[in-house]
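Trainee: Pasting the sequence and the predicted coordinates here, then a few questions.
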Amino acid sequence: MNPHDNSRLPGGFTAEISADLASGRLVDLAEVYALNAVDDAERAAIEHFLASAPAAEKNAFNERVRQARETLAASFTAEEEPPPGLLDRIMSTLPAQTSVQAPVVVPLPGTGPGTAPVMPNPVGESSGVPATDELGAARKRREERRRPQGMRNWLVGVAAAGVIALGGVGVSAYVANQNDPLNQVMQASDVRQATVEVNGGGTATVTISASRDAAVVKMNGVPAPPAGKVYQMWLIPKDGSAPISQGLMDAKALAKPAVVKGIGSAAALGITVEPEGGSASPTLPTVAAAPLNA
């Protein structure tokens, strides 16, 4: 690989998607594909290449597309400030843009003040003279390469610059981390925790953030619900109205933290055992209850 190849963009991308695909960069194009930062021809090229790609590569591409779209659709609500100087670090890694100079008036020999000046053609504009010789053709190709690339290349360049600016952490991973509701609670400045016993074994740790109006529930050593049953979480309103369901947890879901939103109007979080599919109202007694005081 020629390290001085000027057709390459930051991060090893080229100006052509076909070249990136041929060099094994299919998975790296997942985010720009998910963001619709490709034109119809480029999208068709990616999909054609994907159709014959190995299963592992295809699955990795589809997973990154899914994650990117889910992040945009469900998680773009964070108000976190980016790290100080991030924009400056990104911009400093992008190629410098040549400023457009005003055309210079070039007087011909023997012309006077009353003679119309000759204006040279600005860079990038066609002179109307066909490039019939090799030198003319080479100049034409050079000027075409200098023209601004499309939005896809700009996005790829910024993404690659972001990887450098974040010390190797991808931009998509940074955005997902900052906008993930679980991380927003766990990293909140007012976060506090309470751990309560669960009837039948284990504990439930509730991490609460009033500023995020949310809590994270983590089950620790809690046995799977009986056959045909699930755990169901409830918010118990302060005004004494009916409890509000906050989702179900089967045996598989017990290993994952659950985010409960809208805790500001609730006095407590309760957990009950319910039939598969859940219930419209809690079946008492609860197996665990934690005061929120949000």
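Mentor: That came in fine, so what should we check first?
Trainee: Tell me the secondary structure at Ala204.
Mentor: Of the three states, Ala204 takes strand according to DSSP: H, G, I helix; E, B strand; the rest coil.
Trainee: residues near it, how many?
Mentor: For Ala204, the neighbour count with other CB atoms under 10 Å is 22. For every residue, glycine as well, the C-beta is placed using N, CA and C.
Trainee: pretty sure it is in contact with Val196, am I right?
Mentor: Yes: contact criterion CB atoms under 8 Å: Ala204 and Val196 qualify, at 5.5 Å.
Trainee: Show me whatever sits in contact with both of the two.
Mentor: 288, 290 (CB atoms under 8 Å, 6 or more residues apart in numbering).
Trainee: State the mean pLDDT of stretch 37-44.
Mentor: Stretch 37-44 carries an average pLDDT of 85.
Trainee: for that stretch, which positions count as buried?
Mentor: Buried residues in stretch 37-44, counted by 16 or more other CB atoms under 10 Å: 37-38, 42.
Trainee: Return the alpha-carbon coordinates of that stretch using CSV.
Mentor: This file holds the C-alpha atoms of stretch 37-44, laid out as CSV (Å, rounded to 0.1, in the frame of the first residue of the first chain):
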residue,chain,number,x,y,z
ALA,A,37,-24.8,8.9,3.8
VAL,A,38,-24.5,7.1,0.4
ASP,A,39,-26.1,7.6,-2.9
ASP,A,40,-28.2,5.0,-4.8
ALA,A,41,-25.3,3.6,-6.7
GLU,A,42,-23.1,3.3,-3.6
ARG,A,43,-25.9,1.7,-1.7
ALA,A,44,-26.5,-0.8,-4.5
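Trainee: Dump the buried residues of stretch 37-44 to TSV, plus distance to Val217 and secondary structure.
Mentor: Written out in TSV, the entries for the buried residues of stretch 37-44 read as follows (distance: CB to CB, whole Å; DSSP: H, G, I helix; E, B strand; the rest coil):
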residue	distance to Val217	secondary structure
Ala37	37	coil
Val38	40	coil
Glu42	43	helix
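Trainee: so which of these comes closest to Asn293?
Mentor: Ala37 (45.6 Å; CB to CB).
Trainee: Got phi/psi on the closest one?
Mentor: phi -90, psi 30 (degrees, to the nearest 10).
Trainee: Please identify the buried residues of stretch 255-269?
Mentor: By neighbour count with 16+ other CB under 10 Å, stretch 255-269 contains the buried residues 258-260, 263, 266-269.
Trainee: Among these, which lie within strands?
Mentor: Taking DSSP state E, the ones among these that sit in strands are 258-260, 266-269.
Trainee: Going by distance to Arg64, which of the buried residues of stretch 255-269 wins?
Mentor: Checking the buried residues of stretch 255-269 one by one against Arg64 (CB to CB), the nearest turns out to be Val259, at 22.7 Å.
Trainee: ok, what's across the strand from the closest one?
Mentor: Val216 (DSSP bridges).
Trainee: Repeat that for the one 10 residues further on.
Mentor: Beta-bridge pairing of Leu269, defined through DSSP bridges, involves Leu235, Ala290.
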